[in-house]
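**Q** predicted model and sequence follow; I will ask about them next.
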Amino acid sequence: MEQIVFGIGITALTGALATIAGSAEDTESNIGSQGDPNSQVQLAPQMGFVHRIFNKAIAGEPPAYGLWCALGAGLAWAFMAMQINAVLAIVLGCVLAVLVQGVYATTAYLGRTASLAKFGQPVYVDILKSMTSVTMAHAFIAIFCTVTLCHLINGALGHPFPLPLLGLIWGIALGAAGSATGNPYYGKERQYQNQKFGAGVPISASGNIVRYAEAGERNSLDNGWFTAKIGGSASGVCFGLIVFLEIWRTILFEKISAGWGAIIVGILMILIFTVIDRYIEVWARKNYGPYTEAKVAS
Amino acid sequence: MSAVAAKPQAGGAMNPTAMAVGVVMLLIILALCWYVSPGAGLMALVGVIIGGVLIGFGTHFVPVGGAPAAMGQAPGIATGVAMLAAGAGLAGLFGGAWAAEQGLVVATITGGVGGGLMMAITCMMVNFVYVFGMGIPAASGKVLYDPITGDSQKEFKSQGTEGHGLPFVSFVGGVIGGFLAGAGGTIIYLQLLSLYEATLPAVMGLPPAQVIPIAVAAAGMFAVGLFLVNAVLTAYNITGTIEGPHDPKFKRWPRAIVASAVASALCGFVAILIVAI
Amino acid sequence: MSVKIEVIEGGIPHQKIMIGGLVSTLVCLYLTYLNVLTNTEMFAFFGGLAMITALIWGSHTIKVLCSYGIGTGVPSAGMIAFGSGVIAMLLATKFGMAAPIVALVLAAVIGFILGYISNNILNMKIPAMVQALTEMAVVGALSLMGFAALITGGFTFAGLTTGEVSMLGMTVSSNQISFIGGGLIAVAFLLGAIAIQHPFNACLGPGWKQDRMLMLTAECGFLSMIVAAFMSFALISAGSAIISLIIAILGWAYTYNQYICLSKRDAAAWLDAKPIPDMEGL
């Protein structure tokens, strides 16, 4: 019994850490315009819309976060192997991983922008100075939470994989969840705030991203501030649910009928999410209605 | 499935000669493996091939829209197909590896359910953001009616786009894809793990208890490596984006089956050679 | 072979980079063998240099491949390179002294078959595909071997799977504290996979310049070497790790500085806290 209570406590903690990690990850990638919305930041100057948005193209979010988290975990593992206290080791490992992230961010911005010289897009050094530090801060939160949850899974819950491999797995999953949930909100809702609400961006409008703010020129910190409200929290909930439910069903139900308990609970949860998804879809169809009359469908 | 892609474009066509060469290569590798390690090695290789094919086939189900999806210009999840499949499959591998001692069947299904659960949550949250964050209903650009629910799609497509969000069929496709990918990754891991646990003590001259970390880490790393190879090959097959099982590109799956089988056989054979020679 | 659409604007031809990269990688890998001959771990840093030269070659290969438009992102190319490379590299470590050569041959075979699969079975029909995937599998295998040599001081299977842990003054041999057993191979895998694709991914665009991209590759390589040197403190003697670390930091500082200068050269303008320029006259 004590074992299970301990397991549930750790599970709750990992879920909470994952929620923070997902939220910070999405905000970080939106400030840096990483992931798919990056294509528009890249396209805008080619269409004549020179901007002051941070263009941090370091792979997609999943491989990039796979690296940051695996690196933080690997360094933490190495420091722990040198008999350094686990908390200190994780913090030191994550600090070094964040430094790598920061350097990658600056080189990505310089490289992409210098290659756009033909279209008159200048390099803004102040963007590098002010945005990189902010993305590094958010990345530190995301990496630290992920590495800590991997350490808890490995150390307290007894998962067989070594810490760096867990870092790789959950880093890629973090990036996948964060980019899937957060990207549309930044890409459609923020970059194309000048387009109609409640509709996709017409392909003809591609590249015409919003470049001016309420006062002055929009910078990427404004984007982080905007997307943290829904995109960031939704990403956090998404990754938190993934980590929490995955561990929760294993800890509580694995012992029931030799593993089948966890499977049945997992399938039940998939069905529950299917019902919720269907409800959302039908709700939107009913309340928002079609864009054109139904009879033209042929 | 002899009915090849509906559109007669170059990317959708199949190359029968190359497919035959692929099957022959597969048989040669199996024969080589039988020659080097007839018992446990061959069994493990067959498991690895099945796992690799499941990953390759499963990735076709995952609805990925790439960059246009992030602007609500195309349906699907706004990220890369290989990486999303990897995220789901590795989450499944995590669960499967945890349940490893409960036997092949339970662990594989656990891994599959882990991948499916990850995709179910992600797809649900994607629709949540589209509907409640951006006020956009889901609509497919490739079919007029959702094959599962029968909902009409065309009039819910906003002007100038190819659709947006995840219609129900894409959601189901995502869950199936996550399930297959997670199960495939787990099978590869379990096969290599049991092979390494059985043979590494003799190869390295160490007691069995001491090689377990090596066996776990090496099998885990190989599972990740094979996973990425299969997922990227599938991404090449569907050229980056797919809406789900209703997409015409889905009909290209026979090519990916052969490709995944050969690639997994090749990589699995090399992984088995480590303990066989 | 069909005609390639995009010309490589000036710069060194790919063939030259490939041969130079291959030779210097193998030489650097074999120089780590000095560790065995002199019975020290001081020459581990050659593994890092081998990794950097391999990455420089590999990033140019990615440029050659991705200028065709492969339908999915540039990062996937790095993933397939290292996914196939890690398998070849691990088998090759069983061959002791011959490991780098075996890794080269084995990875080339795997890469060639994967290239055939993508080009013919998957019908991609990209002329550079077979050669590029062959090269990238070799790069993946050799740079992982470089990482292994940098972190553990050698590239033999026994060396990668055993480590020493000192507890209360006693030194115990352990398999858990090792390159493979501890999972450091996963870190090396991703360090390489990101470093190989990042230079082209970051520098792509109409103003792509070869020297700038290759300088960025060297910078990414040295940056990866810094963190790998930190990890090597756990597995090799502190003095040897410090040598690697100092070389990595010096190399990184130089290449980073050079890269910024090259970006300054190529950029349209280099502004600090200035508004968006008025583009109406363009």
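**A** Everything's here; your move. Residues are numbered from 1 along each chain as shown, chains lettered A, B, ... in the order given.
**Q** work out which residue lies at the spatial centre of the chain.
**A** Since you didn't name a chain, this refers to chain A. The C-alpha lying nearest the average C-alpha coordinate of chain A belongs to residue A:178 (Cα atoms, centre = their mean; 2.9 Å).
**Q** not quite, I wanted chain B
**A** In chain B, the C-alpha nearest the mean C-alpha coordinate belongs to residue B:55, at 2.5 Å (Cα atoms, centre = their mean).
**Q** let me see the contact set for it.
**A** Listed by Cβ atoms under 8 Å, 6 or more residues apart in numbering or on different chains, the contact set of residue B:55 reads B:85, B:89, B:180, B:181, B:184, B:185, B:226, B:227, B:230, B:231, B:234, B:260. C-beta coordinates here come from the backbone N, C-alpha and C atoms, glycine included.
**Q** from those, which land in helices?
**A** B:85, B:89, B:180, B:181, B:184, B:185, B:226, B:227, B:230, B:231, B:234, B:260 (DSSP state H).
**Q** so which of those residues wins on neighbours?
**A** Neighbour counts for these (other Cβ atoms under 10 Å in any protein chain shown) peak at residue B:89, which has 41 neighbours.
**Q** and the nearest residue to it once chain neighbours are set aside, how far from residue B:84?
**A** In this structure, residue B:89 finds its nearest non-sequential neighbour in residue B:181, 3.5 Å apart by Cβ to Cβ, 6 or more residues apart in numbering or on different chains. According to Cβ to Cβ, to the nearest Å, residue B:181 and residue B:84 sit 10 Å apart.
**Q** list residues touching both of the two?
**A** residue B:62.
**Q** I figured the residue nearest to the centre of chain A hits residue A:26, correct?
**A** Yes - using Cβ atoms under 8 Å, residue A:178 is in contact with residue A:26, at 4.6 Å.
**Q** overlap of the contact sets of those two?
**A** Common neighbours of residue A:178 and residue A:26 (Cβ under 8 Å, 6+ apart) are residue A:235.
**Q** would you point out the helix or strand in chain C whose mean pLDDT is lowest?
**A** The weakest-scoring helix or strand in chain C, judged by mean pLDDT, DSSP states H and E, is strand C:163-167 (a mean of 65).
**Q** and the gap between residue C:99 and chain B?
**A** Per Cβ to the nearest Cβ, to the nearest Å, residue C:99 is found 13 Å from chain B.
**Q** chain center to the strand or helix carrying that residue, what's the gap?
**A** Take DSSP states H and E as the rule and residue C:99 turns out to sit in helix C:99-116. The chain centroid and the centroid of helix C:99-116 are separated by 16 Å under Cα atoms, centre = their mean, to the nearest Å.
**Q** is there proximity between the next helix or strand after it and chain A?
**A** Next helix or strand after helix C:99-116 toward the C-terminus (DSSP H and E): helix C:129-152. No - against chain A, helix C:129-152 shows no contacts by Cβ under 8 Å from any Cβ of the partner chain, the least distance being 8.8 Å.
**Q** quick check: mean pLDDT of helix C:129-152?
**A** Per-residue pLDDT values over helix C:129-152 give a mean of 92.
**Q** return it as PDB; C-alpha atoms alone will do.
**A** Presented in PDB, the C-alpha positions along helix C:129-152 are these (Å, rounded to 0.1, in the frame of the first residue of the first chain):
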ATOM      1  CA  MET C 129      20.000  10.200 -53.100                       C
ATOM      2  CA  VAL C 130      22.000   7.000 -53.200                       C
ATOM      3  CA  GLN C 131      25.400   8.700 -52.900                       C
ATOM      4  CA  ALA C 132      24.100  11.100 -50.300                       C
ATOM      5  CA  LEU C 133      22.600   8.500 -48.000                       C
ATOM      6  CA  THR C 134      25.700   6.400 -48.300                       C
ATOM      7  CA  GLU C 135      27.900   9.300 -47.300                       C
ATOM      8  CA  MET C 136      25.600  10.300 -44.500                       C
ATOM      9  CA  ALA C 137      25.500   6.800 -43.000                       C
ATOM     10  CA  VAL C 138      29.300   6.800 -43.000                       C
ATOM     11  CA  VAL C 139      29.400  10.300 -41.500                       C
ATOM     12  CA  GLY C 140      26.900   9.200 -38.800                       C
ATOM     13  CA  ALA C 141      29.000   6.100 -37.900                       C
ATOM     14  CA  LEU C 142      32.300   7.800 -37.900                       C
ATOM     15  CA  SER C 143      31.200  10.900 -36.000                       C
ATOM     16  CA  LEU C 144      29.600   8.600 -33.300                       C
ATOM     17  CA  MET C 145      32.900   6.800 -33.100                       C
ATOM     18  CA  GLY C 146      34.600  10.200 -32.700                       C
ATOM     19  CA  PHE C 147      32.200  11.000 -29.800                       C
ATOM     20  CA  ALA C 148      32.900   7.600 -28.300                       C
ATOM     21  CA  ALA C 149      36.600   8.100 -28.500                       C
ATOM     22  CA  LEU C 150      36.300  11.600 -27.100                       C
ATOM     23  CA  ILE C 151      34.200  10.600 -24.100                       C
ATOM     24  CA  THR C 152      35.800   7.200 -23.300                       C
END
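**Q** mind giving me the packing neighbours of it?
**A** For helix C:129-152, the elements it packs on are helix C:14-31, helix C:45-66, helix C:75-92, helix C:99-116, helix C:157-161, helix C:184-203, helix C:210-232, judged by 3 or more Cβ pairs under 8 Å, 6 or more residues apart in numbering or on different chains; DSSP states H and E.
**Q** run the chain-centre distance for the second one.
**A** Helix C:45-66 has its average C-alpha position 5 Å from the chain's average C-alpha position, going by Cα atoms, centre = their mean.
**Q** so for it, mean pLDDT?
**A** Averaged across helix C:45-66, the pLDDT comes to 91.
**Q** quick one, strands of the stretch 51-200 of chain A?
**A** All strands of the stretch 51-200 of chain A, identified by DSSP state E, counting those that start in this stretch, fall at A:123-124.
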